[in-house]
Every structure is written in C-alpha cells, then in structure tokens.
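> curious how this folds, go ahead:
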Amino acid sequence: MGSSSGNSNSNSSGSTLLQNSGSEEDLHQLTDQRKRKRMESNRESARRSRMRKQKHLDDLVSQVTQLTKDNNQILTSINFTTQHYLNIEAENSVLRAQMMELSQRLDSLNEILSYLNSPTTTSNGVYETEGFETSPDSFTNPFNLPYVNLPIMASPDIFQY
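The predicted model follows:
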C-alpha cells in the first residue's frame with residue numbers, strides 16, 4: 001500500500017511537472033510573442049521616425065532653395081536701385097552745375113543792368129543819362145555778349161567719384 005500510495009504520489013508530481021512545464025512553455029511563448037510584437041512596434045516606430053526626419057530634411061532643403069531665390073531677387077533689386085540712384089545722383093550733379101552757371105550769368109546780367117540803369121556823375125557833379133547808345137550791336141544787348149552764348153559744358157563725366 002505504501003508503495004502504491006508513493007507510486008501515485010510520484011505520478012501526481014510528474015503530472016504537475018508536465019503541467020508546470022506546459023505553463024512555463026506557454027509563458028515562454030507568451031514572452032516571445034510579446035518580444036516579437038515589441039520588436040515589430042519598435043521597427044515601425046523607427047520607420048515612422050526616419051520618415052519624419054526625411055520629410056523635415058526635404059522641407060528644410062525646400063526652404064533653403066526658396067530663401068536663396070528670394071535673396072537673389074532682393075540682391076537684383078538692390079543692384080538695380082543702386083544703379084538708378086547713381087544715375088540720378090550724376091544727373092543731379094549736372095543740374096547743380098548748370099544752376100550755378102546760370103546763377104552766375106544772372107548775377108552778371110543784373111550787375112550790367114544795374115550799371116546801365118544807374119545815373120552816372122560827371123566831373124562837375126551833374127548826372128549824365130544822355131548820349132548813351134542802345135543799338136543792336138552795342139554791348140548792352142545781352143544776346144551779343146560773348147559769354148552769354150556759350151553752351152553749358154557740365155556733364156556727368158566731370159563728377160566721377
């Protein structure tokens with residue numbers, strides 16, 4: 001009897017071992033399945049991360065291209081404006097020179113008119129206004145003065161800097 005009860009004990013412990021090894025196998029399979037799922041999830045996450053990085057890189061390259069294009073347009077505009085400014089500045093210098101020359105001519109003509117219109121005194125203190133000739137050939141005709149008929153010679157080449 002004792003042996004039969006011991007025998008039955010050993011059979012029950014053997015079946016418990018089989019059950020334990022079966023549940024350990026199930027546990028091991030479950031752990032392996034979880035590892036595979038985690039690895040697959042990690043691979044998918046890494047793939048999405050690489051795709052995000054690539055999209056970000058593509059966006060940055062596109063932005064650099066657009067900014068380079070904008071920069072070139074701005075530089076072209078600056079160069080055009082600078083050239084226009086230099087042309088206007090040269091023209092302004094010519095106009096200033098012409099204005100100064102014309103102002104000097106006007107001052108000279110006003111001085112001549114002032115001299116012609118003022119009464120002159122003689123040695124005995126009498127003002128003399130008679131005997132003054134105003135023929136078309138006289139020097140009082142401003143269109144016959146040699147310096148009045150000269151062309152204005154200022155040009156942008158004079159004002160190079």
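
> could you look up the SS state of T76?
Per DSSP: H, G, I helix; E, B strand; the rest coil, the local secondary structure of T76 is helix.

> separation between it and T31?
67 Å (Cβ to Cβ, to the nearest Å). C-beta coordinates here come from the backbone N, C-alpha and C atoms, glycine included.

> repeat that for M51.
From M51 to T31 the distance is 30 Å (Cβ to Cβ).

> where exactly do the strands run in this protein?
Remark: strands assigned in the chain by DSSP state E are 120-121, 127-128.

> how about the helices in the chain?
2-117 (DSSP state H).

> burial count for R96?
R96 has 12 neighbours, counted by other Cβ atoms under 10 Å.

> just L109 next, same as before
By other Cβ under 10 Å, the residues close to L109 number 13.

> how far away is it from E101?
13 Å.

> now swap in N87 and tell me
Per Cβ to Cβ, N87 is found 22 Å from E101.

> same deal with S45?
Distance from S45 to E101, counting by Cβ to Cβ: 83 Å.

> would you mind writing the CA trace of stretch 28-41 as PDB?
Backbone C-alpha positions of stretch 28-41 (Å, rounded to 0.1, in the frame of the first residue of the first chain) are rendered in PDB as follows:
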ATOM      1  CA  HIS A  28       7.800  31.400 -22.700                       C
ATOM      2  CA  GLN A  29       5.700  31.500 -25.900                       C
ATOM      3  CA  LEU A  30       3.800  34.400 -24.500                       C
ATOM      4  CA  THR A  31       7.000  36.200 -23.600                       C
ATOM      5  CA  ASP A  32       8.400  35.500 -27.100                       C
ATOM      6  CA  GLN A  33       5.200  36.800 -28.700                       C
ATOM      7  CA  ARG A  34       5.400  40.000 -26.600                       C
ATOM      8  CA  LYS A  35       9.100  40.400 -27.600                       C
ATOM      9  CA  ARG A  36       8.200  40.000 -31.300                       C
ATOM     10  CA  LYS A  37       5.300  42.500 -31.000                       C
ATOM     11  CA  ARG A  38       7.600  44.900 -29.200                       C
ATOM     12  CA  MET A  39      10.300  44.500 -31.800                       C
ATOM     13  CA  GLU A  40       7.800  44.900 -34.600                       C
ATOM     14  CA  SER A  41       6.400  48.000 -32.900                       C
END
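
> related to what we said a few turns ago, neighbour count: N87 and E101, which is higher?
It is E101, of N87 and E101, that has more neighbours when counted by other Cβ under 10 Å, with 14 against 11.
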